[in-house]
Structures are given as structure tokens and as C-alpha cells.
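[1] Provided below for reference: sequence and predicted model.
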Amino acid sequence: MERCDVVIVGAGFAGMYAIHRLRRLDLTLRCFDAAGDVGGTWWWNRYPGARCDIESLDYSYSFSPELEQDWDWTERYATQPEILRYAGHVADRFDLRRSIQFDTRVESATFDDESARWDVRTDHSDAVSAQFLVMATGCLSTPKLPEIDGIQRFGGATYHTATWPHDDVDFTGRRVAVIGTGSSGIQVIPLIAEQAAHLTVFQRTPAYSTPARNGPLHPQTVAARKATYQAYRERARSTHIGVVIDVAADSATSADPAERERRFSEGWDEGTLYGVASKFADILIDPAANELAAEFLRQRIRDAVADPDVAERLSPRTFPYATKRPCLDTGYFETFNRPNVALVDLRAAPIIEVNADGIRTTEQQVDVDDIVFATGFDAITGPLLALDPVGAGGISLREKWSAGPRTYLGIAIAGFPNLFLVTGPGSPSVLTNVIVSIEHHVDWIADLLATMIERGATSVEVDEIAEAGWVEHVNEIGDLTLYPLAASWYTGANVDGKPRVLMPYVGGFCAYRKHCAATAANGYEGFTLTSPGSGAC
Ligand code: FAD
Ligand code: NAP
């Protein structure tokens, strides 16, 4: 069997940086990705309108000042093709592809107690024995189809936003259905509406969305950022979400109504993901404060949508604002003013089936030529459980996480020695600028491996007590917020039978980073490092 020091699963931004960073430790590496090239999310999600919701100047690597200076983003929020070009540029620049085997899915990873190594197998019959396993499998890389009867019977074409074809899809003259109105749906709907003869949007839960106010990046903006890039990045790392925003310290409920409106409007005008939420300190903590922000956003929908009945159906009322990732849009609500667009409210009339001609709800049959599923992902734990590594003593991750994920810092799992997660459950991951989280995790893992090399340790494992303490902390902090109130993919509520647990750490990136630093500074407290002859070291 082939041997190497590290197998990395995934060649998105996490796997790519892991290759670059771990090469500096002189470790031998193998990376596998089921995709045909680097980029992860941005290789798969090619639907029209796909773009980042964190500004391009932030949503990019910080590890190389030269890369930062050389790369020029063209838009405030880059499109998927531009982000994919960036990933390709990084791969070329740092010669990453020589460590990656594409079009290859890792099907199993089993820890061998005797050799303390991971036996990794792929769908191409690769068999690799690795000392370390880095799961850079992403939080949003297992697409989810809806549990609707009859999808296979549909006579037309079906698409999922997360497995979009590489060739252009032309909807000209066609009757199209989109199911799902999360971030993906909200991006794809306006563009399909412009092309299709008719578009029917099937909405189960309306989303909170603010306008992106996207546009070309002004050269002066770019120059100003480039002049202070590294200092800016450090500021970003000391914030809650890995992006520099001013978060107000006072309460929305005690603010004067005119002042409240002024501040919410200011947030709305910013065109950022958390512009409105950041204007008061209690939006994600106090239901009354949250409702004030939610009502402000509902009023914007009423302003944008001509038909008051449609505006009402597009207005979110069943969960607090920002307890699901808010959406950033370009002309989303205005799309419903078009004569070729119809909204079907699935709360009023649920889908019964997909049939040969289209979609049947309890109230009507809607005949369509194409169906686009913008129905999201089995998020955060999905890609990990799909691979289902088997740890020490033959315990699988599925068994270990049967009641929900348990990790230490979202990076390590008790019973799974020498295995590391990047942006795993229990880390801030999807609540942040994810590239900031990725760089942090990979650096932290690399520092731990460097320490092991220095001490002659071959094996590292987090203990159950440290893990239990972290899980408790993650839950306690989560319970102080409104996040658990939403039936969101953050809590696993979008997947039937998935344990309902708030998976990301909501305490903020800055606090999280301090926990990680303290663990390392205390000699990797909670971890046991062992060397072959002498045991613990
Ligand atoms: P991914 O990019 O998901 O890459 C994981 C890779 O692992 C995939 O290529 C997958 O094929 C591979 N893989 C998984 N399992 C296996 C296996 N068993 N064998 C082989 N390969 C495997 N975050 C932000 O912060 N800002 C944004 O603006 C933003 N926009 C987004 C837009 C979309 C449409 C989506 C879906 C997500 C977005 N995200 C955003 C989150 C995004 O996922 C992260 O920002 C980031 O790209 C994740 O990188 P990653 O390398 O961790 O994971
Ligand atoms: P999502 O937020 O989970 O949205 C899925 C949508 O599909 C929801 O509206 C959901 O309704 C609906 N749906 C699921 N099953 C359904 C069914 N059986 N019948 C009817 N409707 C159904 O997924 P997403 O839009 O792909 O976004 C996931 C995450 O990816 C985002 O939150 C974000 O983090 C990231 N993303 C970012 C961007 C960006 O702007 N950069 C773009 C896309 C994705 P319910 O809510 O009722 O379940």
C-alpha cells in the first residue's frame, strides 16, 4: 500500500491551503477531490448568478502578501467564474495540483489501532496509508434533493444549483420551476426570470434578504485596501465574523424609533450581509429587538413588490432575522413584479408530487419544461458522515455522532486520533468569512503537527473530557442566542432524521481564536501526544 504522511480530502480553499501550508513541514501529501479541479464550492456551484456574499477583497486568502497584491478582483462581490479563476491562479502559483488527484472520491478511511495510521480508499481503487487525515471536505458540499415523490418521473430536465452543468444551460422560451428560496435560489431566480418564457418559484419559507449593491470595484478602493492589507486582515481576525464591521453596543428596543429607522436604513444601504444586524447589539439575542429589524426588512419587501399579496407571501415571519444566513440579492424581490414570474406559496399549498409534466401542489398542477432544485445541502456534518471515517476501536463517526456532532474546537474528535477537521461542527465556520476560518484552522493544525515533529510524537488525540467541555460551551453560548429558534441548516432541521443541534459555534471568531490559542499555549491542553516507544510525550 502507498504510504504518505498526510491525506487531505477536498481541494477547495481549505484543502488547497492545507497542501501549501503542510508542505512547509516537509510532509508527504496526497489530496483527493471528487471535483475535476480545485475550487470546491466554486467548482460545483456554477448556476447563473452565483457569487460571494462576503466582499471579494475579504473573501480571499491572506497567507501570501504577494498574492494579495497581484490579484485584482473586478467586482465588489465576485462571480463564481471569477472566484474559480482565482482558485486556479492560486493552484498554479503555488504548484498545488501536483499533490491532488481529481475526479476521485474518498470512500473510506479507517484507523488502524496497531499502526496508528489511516487506511484511505477511493472510488479509483487507491489505497493509501497515512499518518494524518485532514478532512477539508467543506460545510456545504453534499447537495440535498427535496423529499418529493416522483422526481424521477419528470419528463423535462432537472438541475441542482450545487451540481450545475459545466455547459451553459439555455432557458430561453422555456417554462421553468425553481424550488427553494435560500441564498442559491435568491441568486438564480432573477437571472432565470430574465431568460425563461415563464418562471414559477416554489417557496416554502421566505428569506430575509438585503440588496448587495454590487458593482465594479473602484481602483482607488482596491489601492487603499492593498496599501494596508495585512493590517486590515489582522483587524478582520479580531472580529466576530472575520470581516471588519462596526457592531453597535446599544439596544434596538431602547432606541428612539427615528434613530432606529435611520440606523437600519444605513445598514440596508451598506449592501453587506450583516449591515442591518450590526446596527444594534441585541438583534440576535432579544426577540423584540430582532422583530424590529425583521419588520424593517418586511417593509422593504412591501416597497419593492407591487402586489401586496405577493409581498406578504414573500415576507419572512416564521423565524428570527439572521438566525439563518441572511441573503444578499440583486433585484430579487423586484423579480416578482415581472409578468412572466409567479410565486407558489408552499405553506398554503404543499407539493404533493413531481409528475411527468411538472409539479402538483394541493391546489394546482404547474406544467414546466425544467425544474431547478435550489434546495441546499446536508450541511456541516453531511460530507463527513458521507465518508464516515472509522476511528480507534472500530467506532464509526456515524455511531459517535448519532445524537449530533461532538468535537473539540471543531477541529479534533475524541476516538479519532490523527484526524483533523477544517471548519468542523463546533467551530464558527459558516457564521464567518469562511476563508478566514480556513486559514486559521489550517495554521493551527500545522502548528500542532510541527510540535509533534519537534517532540518526536507520532500520534495525537483529544480526550473525551476536553471534547465534552467544548460541546457544553458551544451549546451554552448557542442557547443564549436566537439561533436555535430557526429550522435551519445550521441546526440540521433541513434534513429528515438529522439530530437537531446548533452546529456552528456562535461565540464569534475572535473568542474562538483565543480558545484555540490558549489550548496551544497550554501545551495542547486536552490532547495526548504519543511517540512509538515512550508513550505520552
Ligand atoms: P468546499 O469548497 O466545499 O470544498 C470541499 C471539497 O471536498 C469539494 O470540492 C468536494 O468535492 C470535496 N469532497 C468532499 N467529500 C469528499 C470525498 N469523500 N472525497 C473526495 N472529495 C470530497 N462562504 C463565505 O464565507 N462567503 C461567501 O460568499 C460564500 N459563498 C458561498 C456560495 C455558495 C454557492 C456556497 C454553496 C457556499 C458559499 N460559502 C461562502 C461557503 C463556502 O463553502 C466556503 O466559503 C468555502 O468555499 C469552503 O471551502 P472548503 O474548501 O472548506 O470546502
Ligand atoms: P438553503 O439556504 O438551505 O435553502 C434551501 C431552500 O430550499 C429553502 O428555501 C428551503 O425551504 C427549500 N427547500 C428545501 N427542501 C424543500 C422542499 N422539499 N420543498 C420545498 N422547498 C424546499 O440552501 P442554499 O440556498 O443552497 O444556501 C445554503 C448556504 O450556502 C447559504 O446559507 C450560504 O451560506 C451558502 N450560499 C451562499 C451564497 C452567496 O450568496 N454567496 C449563495 C448560495 C449559497 P425551507 O427553508 O422551508 O427548508
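    Cool, got the structure. Ligands and ions are numbered 1, 2, ... in the order given.
[2] CA atoms only: put the longest helix seen in the chain into PDB for me.
    Ordering each helix of the chain by length in residues (DSSP state H) puts helix 434-455 first. These are the backbone C-alpha positions of helix 434-455, laid out as PDB (Å, rounded to 0.1, in the frame of the first residue of the first chain):
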ATOM      1  CA  VAL A 434     -15.100  31.100   5.800                       C
ATOM      2  CA  ILE A 435     -11.700  31.700   4.300                       C
ATOM      3  CA  VAL A 436     -10.600  33.400   7.500                       C
ATOM      4  CA  SER A 437     -11.700  30.300   9.400                       C
ATOM      5  CA  ILE A 438     -10.000  28.000   7.000                       C
ATOM      6  CA  GLU A 439      -6.600  29.800   7.200                       C
ATOM      7  CA  HIS A 440      -6.900  29.800  11.000                       C
ATOM      8  CA  HIS A 441      -7.700  26.100  11.300                       C
ATOM      9  CA  VAL A 442      -5.000  25.000   8.800                       C
ATOM     10  CA  ASP A 443      -2.400  27.100  10.600                       C
ATOM     11  CA  TRP A 444      -3.400  25.800  14.000                       C
ATOM     12  CA  ILE A 445      -3.300  22.200  12.700                       C
ATOM     13  CA  ALA A 446       0.100  22.800  11.100                       C
ATOM     14  CA  ASP A 447       1.500  24.300  14.300                       C
ATOM     15  CA  LEU A 448       0.300  21.200  16.200                       C
ATOM     16  CA  LEU A 449       2.000  18.900  13.600                       C
ATOM     17  CA  ALA A 450       5.200  21.000  13.900                       C
ATOM     18  CA  THR A 451       5.100  20.500  17.700                       C
ATOM     19  CA  MET A 452       4.600  16.800  17.200                       C
ATOM     20  CA  ILE A 453       7.600  16.600  14.900                       C
ATOM     21  CA  GLU A 454       9.700  18.500  17.400                       C
ATOM     22  CA  ARG A 455       8.700  16.200  20.200                       C
END
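[3] which helices and strands does it pack with?
    helix 13-23, helix 229-237, strand 419-421, helix 509-521, strand 527-531 (3 or more C-beta pairs under 8 Å, 6 or more residues apart in numbering; DSSP states H and E). The C-beta positions use only the backbone N, C-alpha and C, and glycine is treated the same way.
[4] Columns distance to residue 197 on top of the ones you listed, output as TSV?
    Formatted as TSV, those follow (distance: least, C-beta to C-beta, whole Å):
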stretch	distance to residue 197
helix 13-23	38
helix 229-237	45
strand 419-421	46
helix 509-521	45
strand 527-531	60
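[5] sorry, back to before: and the longest helix of the chain, anywhere near ligand 2?
    No. Helix 434-455 stays clear of ligand 2 (C-beta under 6 Å from any ligand atom), getting no nearer than 8.5 Å.
[6] For residue 274, give its distance to ligand 1.
    According to C-beta to the nearest ligand atom, to the nearest Å, residue 274 stands 12 Å off from ligand 1.
[7] Quick check: the gap between the closest residue to that residue other than its chain neighbours and residue 163.
    Closest residue in space to residue 274, ignoring its immediate chain neighbours: residue 245 at 6.1 Å, by C-beta to C-beta, 6 or more residues apart in numbering. Distance, residue 245 to residue 163, using C-beta to C-beta, to the nearest Å: 33 Å.
[8] Tell me which of these two has more neighbours.
    When residue 245 and residue 163 are compared on other C-beta atoms under 10 Å, the one with more neighbours turns out to be residue 245, at 16 against 13.
[9] How about the secondary structure of that one?
    Recorded secondary structure, residue 245: coil (DSSP: H, G, I helix; E, B strand; the rest coil).
[10] Same check on residue 108?
    Applying three-state DSSP: residue 108 is strand.
[11] which non-adjacent residue is nearest it?
    Per C-beta to C-beta, 6+ apart, closest to residue 108 is residue 121, 4.7 Å.
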